[in-house]
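*Asks:* missing the sequence, but the structure's below:
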């Protein structure tokens with residue numbers, strides 16, 4: 001992500017960091033978008049939210065970033081989120097190679113769509129996401145707004161091949177996008 005962010009992020013951009021974790025990429029992005037840029041950082045794990053806020057505070061960031069405890073999906077509501085002992089492996093999809101690393105604990109998480117968040121915070125110019133397989137739903141939820149030209153973000157995401165299947169079809173969503 002680092003190289004892509006350095007090539008794509010520009011001063012003044014609105015960035016959505018979806019699956020912000022503890023803020024490693026958020027801090028990098030804030031540096032790249034400069035004092036006129038803005039960011040919405042979304043993270044479902046309460047322990048990660050606490051560390052994200054602490055990291056922002058330690059780095060004297062906070063005015064240009066809004067931290068939202070929740071998750072992005074293809075519809076608003078709530079969903080069961082599987083926690084992991086590893087801060088970066090919580091997921092809505094308890095399958096694939098990381099399944100054995102889940103703690104067995106689930107929490108109910110508020111979900112938003114990108115268009116819903118854009119209506120409140122402004123349309124994103126750039127979306128960076130690492131959502132452990134849920135990128136299928138995140139992208140699916142923004143396709144109508146992209147079709148209607150309500151937004152046209154650049155999207156950078158980590159793939160999670162073990163989480164995709166015929167029923168959870170990343171290839172189909174990418175074709176549609």
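*Replies:* All right, it came through fine. Being a predicted model, the structure only gives us computed values, none of them experimental. Residues are numbered from 1 along each chain as shown.

*Asks:* what's the nearest residue to residue 123 once chain neighbours are set aside in contact with, if anything?
*Replies:* Spatial nearest neighbour of residue 123, excluding adjacent residues (C-beta to C-beta, 6 or more residues apart in numbering): residue 151 at 4.2 Å. Heads up, the C-betas are built off the backbone N, CA and C, glycines and all. For residue 151, the contact set (C-beta atoms under 8 Å, 6 or more residues apart in numbering) comprises 114, 115, 118, 123, 124, 142, 145.

*Asks:* Could you say which of these is surrounded by the most neighbours?
*Replies:* Of all these, the highest neighbour tally under other C-beta atoms under 10 Å goes to residue 114, namely 29 neighbours.

*Asks:* Distance check, the closest residue to it other than its chain neighbours against residue 135.
*Replies:* Once flanking residues are discounted, residue 114 sits nearest to residue 142: 4.0 Å by C-beta to C-beta, 6+ apart. Distance of residue 142 to residue 135, computed by C-beta to C-beta, to the nearest Å: 11 Å.

*Asks:* Output the contacting helices and strands for the helix or strand bottoming out on mean pLDDT in the chain.
*Replies:* Every helix and strand of the chain was ranked by mean pLDDT, DSSP states H and E. The lowest is strand 102-112, at a mean of 82. Here strand 102-112 touches strand 71-72, strand 77-84, going by 3 or more C-beta pairs under 8 Å, 6 or more residues apart in numbering; DSSP states H and E.
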